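> Give me the fold of what follows.
(2 chains)
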2 protein chains.
Amino acid sequence: MDIDVPSSFDERDWARPVDGAPVRFAVLGLGWFGPDVAIPAIEESDFCETTVVVSGDREKAERVADEKGVAHALTYDDYADGEATDAYDAVYVVTPNALHLPHVETAAELGKDVLCEKPLEADAARARKCVEACEEGGVELMTAYRMHTTRSIRWVRDVVQDGAIGDPVHTRGAFSYNLIAAGEDMDQWRLNPDLAGGGPLMDLGVYPLNTSRFVLDSDPEAVHATTVEGPDEFDGLEKYVAFTMEFPDGAVAECDSGYEVAGDNYFEVGGTHGRIRVDVPFNVDADRTITVSAGGEEQVVEVEEPSEMVEEFDYFATGVLTDMAIGPDGRHGYEDVRIADTIYESGESGGRIEL
Amino acid sequence: MDIDVPSSFDERDWARPVDGAPVRFAVLGLGWFGPDVAIPAIEESDFCETTVVVSGDREKAERVADEKGVAHALTYDDYADGEATDAYDAVYVVTPNALHLPHVETAAELGKDVLCEKPLEADAARARKCVEACEEGGVELMTAYRMHTTRSIRWVRDVVQDGAIGDPVHTRGAFSYNLIAAGEDMDQWRLNPDLAGGGPLMDLGVYPLNTSRFVLDSDPEAVHATTVEGPDEFDGLEKYVAFTMEFPDGAVAECDSGYEVAGDNYFEVGGTHGRIRVDVPFNVDADRTITVSAGGEEQVVEVEEPSEMVEEFDYFATGVLTDMAIGPDGRHGYEDVRIADTIYESGESGGRIEL
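Numbers count the residues shown, from 1 in each chain, chains lettered A, B, ... in the order given. Okay, here's the model as predicted:
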């Protein structure tokens, strides 16, 4: 076998000299992910700093600012009014999906670069407006797909693109989580169609969807899908989706995602001459195992790598501070939402739909 | 976790008192599987015996009869003419798919019970004729899906049906083999549309298809599929197929199969509260590993079990000699071919098609 799976990944393949750091962030959205994951990652990063936190709730903003040692605490209204604009260079948007657009528009108007969580928005029309706003404002827009800065996943993409498993024939991947069994609150925004724009597909299914595009370095030209409607509390959202994406060169992606099915978290690429599987690719800072099978041999390696969140922030800062083009930019993130909308359309109509 | 995976499977759950054994077999079709796999399994079985071998080539029939100690060697013409009918009670049909029908019709006319390899025929119309012929002739017809008599797979079906992983949400499975990389002869019958009736779906993909039906104990009501056409030597047959089956209770099966992709062989069921995966389910007499994950725990067990081919022959004999209804009967096998035809139709038209 020509493939040697590294047990650790020592380099940023995108690293280059950076002038002008730090990029000072306003973090918009203070649910668990912002304070517990993003702000510590920014703290750990080389090129970033959190200088502003923004929440709908002033007390919460002040409490988080105090706990995290952040200088400025704003409400969303303060932010929209342009308060403290001298204190930050970029925004990290980690609000419910359907609230991304107004925050991105404000950032674009204020000339602030934007790192926006996935999916870019709740539907394709709104995602497109995010892209247009940033293009008009002349600011960077990155869609925060962690898999693009996860070193092990970048390695998978590279060896697949180098032909190490022959021609890619298909990907398979799933990301599921039984939030009912976990006893989660049924009133959360992820189960609100107006805020989420969809069920597990928008929250979790976009991971195998986007990772297929990333690793194949290609965009699908058609999809077909099955959606299974959730219980009443899901308010019309799907509880399960299985979707197939057809790529121009004949490769096929088969993915699924659910909110009322036992946890599931894997990604696999099958080529004409071998397979690469990653277990637990999609959880943040997960312990990942890579299994490569080719030529009758199998390697199973538990890999170690730095936090992809730290990588993500430094990657974004490098894109902002140098002429490096950002991979998962706004248009890339828009494409996922367009594909997701089409998956829902296929789930309704039952047809294969060309993109 | 309530599930304890056995490391061996000591019982035939279908066993019952049998009178009148052995069932004496005419084995029709002397490619590698008949002489190398089936005849030794019959030899090892409790209730079966090979008394006749039948081939298109008289010399081959005589050579195999001699090597295997079988009393009668016939050509297909001899068989069709009713030679040596007193020497056998049942036929095992292991010819190319599109040759099943005439042999099954002859058996039905002669009053011989039939164990017929999968898929039952090359298309649904011909498969239906097999069923009708046997019903008219008053003989048993079993479709030789080994998974139905594989003890570990029967165990998986039982625990799934008992609710051990909650409600079944989906199955996933694949069976692929790169016959081009293996240097196989491109003139073989499996690549002849007239004889095979399809590509890898008919040869390999029917395994995850049928095993999904078996383990869910349900039949799909709709399918959608992507097919990728093979190179010229495939004569219009697909080289890859990914298909989704929708079951009445909302469960979904996602399967794929290919002839020009790295080997692949797994089956998984995901329920609301756990998952069961079998690795290498579909190879004959494979070493199988069962992985159960539920309640945050994982069990991985390499299971030992007797040859499912021996089980298959004794199961069939038990069905013939007692009032036990045969599970994968002719109608069950017909349904697979009907589903496969619909998968091809969906691959052509791009639509979800109700069955």
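> hey, let's count contacts and neighbours off CA atoms from now on
Will do.
> Looking at chain A, which helix is longest?
The residue-count maximum for a helix in chain A (DSSP state H) belongs to helix A:330-349.
> in its sheet, what does the next helix or strand along the chain from that one sit against?
Following the chain from helix A:330-349 toward its C-terminal end, the next helix or strand by DSSP states H and E is strand A:353-354. Using DSSP bridges, the strands paired with strand A:353-354 in its sheet are strand A:222-229 (antiparallel).
> hang on, the earlier thing: could you name the helices and strands sitting against the longest helix of chain A?
Where contact means 3 or more CA pairs under 8 Å, 6 or more residues apart in numbering or on different chains; DSSP states H and E, helix A:330-349 is packed against helix A:124-137, strand A:141-143, helix A:206-216, strand A:222-229.
> Can you lay out the ones you listed as a markdown table showing distance to B:Asp217 and mean pLDDT?
Supplementary listing: these in a markdown table, determined by distance: least, CA to CA, whole Å; pLDDT from 0 to 100:
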| stretch | distance to B:Asp217 | mean pLDDT |
| --- | --- | --- |
| helix A:124-137 | 40 | 98 |
| strand A:141-143 | 43 | 98 |
| helix A:206-216 | 29 | 98 |
| strand A:222-229 | 19 | 98 |
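> among these, which is the most enclosed?
strand A:141-143 (a mean of 28; mean count of other CA atoms under 10 Å in any protein chain shown).
> how far off helix A:206-216 does the next helix or strand after that strand point, in degrees?
For strand A:141-143, the succeeding helix or strand toward the C-terminus, using DSSP H and E, is helix A:151-161. Compare the direction of helix A:151-161 with that of helix A:206-216 by axes from the mean of the first three to the mean of the last three CA atoms, to 10 degrees and you get 40 degrees.
> Chain A against chain B: which residues are in contact?
Proximity of chain A to chain B (CA under 8 Å from any CA of the partner chain) is limited to residues A:169, A:178, A:181, A:224-226, A:228, A:242, A:244, A:246, A:250, A:252, A:254, A:260-263, A:270-275, A:294, A:350-353.
> Drop everything from those that is not in strands and list the rest.
A:169, A:224-226, A:228, A:242, A:244, A:246, A:252, A:254, A:270-271, A:274-275, A:294, A:353 (DSSP state E).
> Tell me the one of the residues you listed nearest A:Ala124?
Nearest to A:Ala124 among those is A:Ile353, at 15.6 Å by CA to CA.
> Could you list the domains of chain A?
Here chain A is described, according to the TED database, as comprising the domains A:23-144, A:147-354.
> any idea whether A:Glu11 is helix, strand or coil?
A:Glu11 falls in the coil class when you classify it by DSSP: H, G, I helix; E, B strand; the rest coil.
> where's it relative to B:Val156, distance?
Note on A:Glu11: its distance to B:Val156, by CA to CA, to the nearest Å, is 44 Å.
> now do A:Ile39
With distances defined as CA to CA, the gap from A:Ile39 to B:Val156 amounts to 45 Å.
> Over to A:Phe175?
Between A:Phe175 and B:Val156 the distance is 23 Å, computed by CA to CA.
> Now the residue lying farthest from the centre of chain A. Its backbone dihedrals?
Relative to the C-alpha centroid of chain A, counting by CA atoms, centre = their mean, A:Gly296 is the outermost residue, at 34.3 Å. Backbone torsions of A:Gly296, given as degrees, to the nearest 10, read phi 80, psi 0.
> check contacts around whichever residue of the stretch 51-200 of chain A sits closest to chain B.
Each residue of the stretch 51-200 of chain A has a distance to chain B, by CA to the nearest CA, and the smallest belongs to A:Val169, at 6.4 Å. For A:Val169, the contacting residues are A:Gly250, A:Ala251, A:Val252, A:Val269, A:Gly270, A:Gly271, A:Thr272, B:Val261, taking CA atoms under 8 Å, 6 or more residues apart in numbering or on different chains as the criterion.
> Give me the pLDDT for it.
A:Val169 is assigned a pLDDT of 98 by the prediction.
> For the residue nearest to A:Ala80 when sequence neighbours are not counted, identify the helix or strand it belongs to.
Among residues not flanking A:Ala80 along the chain, A:Thr106 sits closest, at 6.0 Å (CA to CA, 6 or more residues apart in numbering or on different chains). Counting by DSSP H and E, the element that carries A:Thr106 is helix A:100-110.
> that older thread, tell me which of A:Phe175 and B:Val156 has more neighbours.
Under the criterion of other CA atoms under 10 Å in any protein chain shown, the comparison of A:Phe175 against B:Val156 puts A:Phe175 first, with 27 against 21.
> Doesn't that one lie inside a helix?
No. A:Phe175: not assigned to a helix; according to three-state DSSP it is strand.
> who does it bridge with?
A:Asn265.
> ok, it - contacts?
Contacts of A:Phe175 were listed using CA under 8 Å, 6+ apart, and they are A:Leu204, A:Gly205, A:Tyr207, A:Pro208, A:Asp256, A:Ser257, A:Gly258, A:Gly263, A:Asp264, A:Asn265, A:Tyr266, A:Phe282.
> okay if I get those as CSV plus distance to B:Ile339?
Output for the contacts of A:Phe175, formatted as CSV (distance: CA to CA, whole Å):
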residue, distance to B:Ile339
A:Leu204, 31
A:Gly205, 28
A:Tyr207, 31
A:Pro208, 28
A:Asp256, 22
A:Ser257, 25
A:Gly258, 26
A:Gly263, 30
A:Asp264, 28
A:Asn265, 29
A:Tyr266, 28
A:Phe282, 34
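> Could you let me know which of the residues you listed ends up closest to A:Arg338?
For A:Arg338, the closest of these turns out to be A:Gly205, at 13.6 Å, with distances computed as CA to CA.
> Now name the helix or strand holding the nearest residue to the closest one once chain neighbours are set aside.
Take A:Gly205 and drop its neighbours on the chain: the residue closest to it by CA to CA, 6+ apart is A:Ser257, 5.1 Å away. Assessed by DSSP H and E, A:Ser257 sits inside strand A:252-258.
> Give me the contacts around that strand.
For strand A:252-258, the surrounding residues in contact (CA under 8 Å, 6+ apart) are A:169-178, A:200-201, A:204-205, A:208-209, A:212, A:239-247, B:226, B:242, B:254.
> so what's A:Glu192 closest to, chain neighbours aside?
Slight slip there: residue A:192 is Asn, not Glu. For A:Asn192, the closest residue by CA to CA, 6+ apart turns out to be A:Asp235, at 7.0 Å.
> residues in contact with A:Tyr79?
Taking CA under 8 Å, 6+ apart as the contact definition, A:Tyr79 lies against A:Val54, A:Thr106.
> secondary structure element for it?
Counting by DSSP H and E, the element that carries A:Tyr79 is helix A:76-80.
> Downstream of that helix, the next helix or strand is which one?
Stepping forward along the backbone from helix A:76-80, the first helix or strand reached (DSSP H and E) is strand A:90-93.
> on that earlier part again, go ahead and produce PDB holding the CA coordinates of the helix holding A:Tyr79.
Listed in PDB are the C-alpha atoms of helix A:76-80, where the atom choice follows Å, rounded to 0.1, in the frame of the first residue of the first chain:
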ATOM      1  CA  TYR A  76     -27.500  42.900  19.000                       C
ATOM      2  CA  ASP A  77     -29.000  46.300  18.800                       C
ATOM      3  CA  ASP A  78     -25.700  47.900  20.000                       C
ATOM      4  CA  TYR A  79     -23.900  45.900  17.300                       C
ATOM      5  CA  ALA A  80     -26.400  46.900  14.600                       C
END
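> And it, how far out from the chain middle?
Taking the mean of its C-alpha atoms, helix A:76-80 sits 25 Å from the chain's own mean (CA atoms, centre = their mean, to the nearest Å).
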